[in-house]
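> The amino acid sequence is not available; the structure is as follows:
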């Protein structure tokens, strides 16, 4: 769902801010932060920008098709109404 590099970068920034004595466990902390953040984000009901853009384009094409079909139905209804007269 999300780019793993985002989690890696976030975890790295947090670990870089730690005091020197704690840096010995830096890799372990980075790993744990990635797991916690990824877990928290996966519980959220959100999508990536790319997924949103794809769905926006799908919706646009669907609307265009619906509008074309509405016009076609109106045209057929008109022809049917003229044929009954």
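Looks like it arrived, so ask away. Not measured: the values here are computed from a predicted model.

> Worst mean pLDDT across the helices and strands of the chain, which element?
helix 4-16 (a mean of 75; mean pLDDT, DSSP states H and E).

> Now do it: which elements does it pack against?
helix 26-43 (3 or more CB pairs under 8 Å, 6 or more residues apart in numbering; DSSP states H and E). Every C-beta, even on glycine, is put in place using the N, C-alpha and C of the backbone.

> and the helix it packs on with helix 4-16, angle?
For helix 26-43 against helix 4-16, the angle by axes from the mean of the first three to the mean of the last three CA atoms, to 10 degrees is 130 degrees.

> Following element in sequence after helix 26-43, please.
Next along the chain after helix 26-43, taking DSSP states H and E as the criterion, comes helix 49-83.

> Okay, residue 30 and residue 49: tell me how far apart.
To residue 49, residue 30 is 25 Å away according to CB to CB, to the nearest Å.

> How is this protein divided into domains?
1-46, 48-85 (automatic domain parsing).

> how about those in a markdown table, adding mean neighbour count?
Output for the domains of the chain, formatted as a markdown table (neighbours: other CB atoms under 10 Å):
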| stretch | mean neighbour count |
| --- | --- |
| domain 1-46 | 12 |
| domain 48-85 | 10 |
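
> Many thanks, have a good one.
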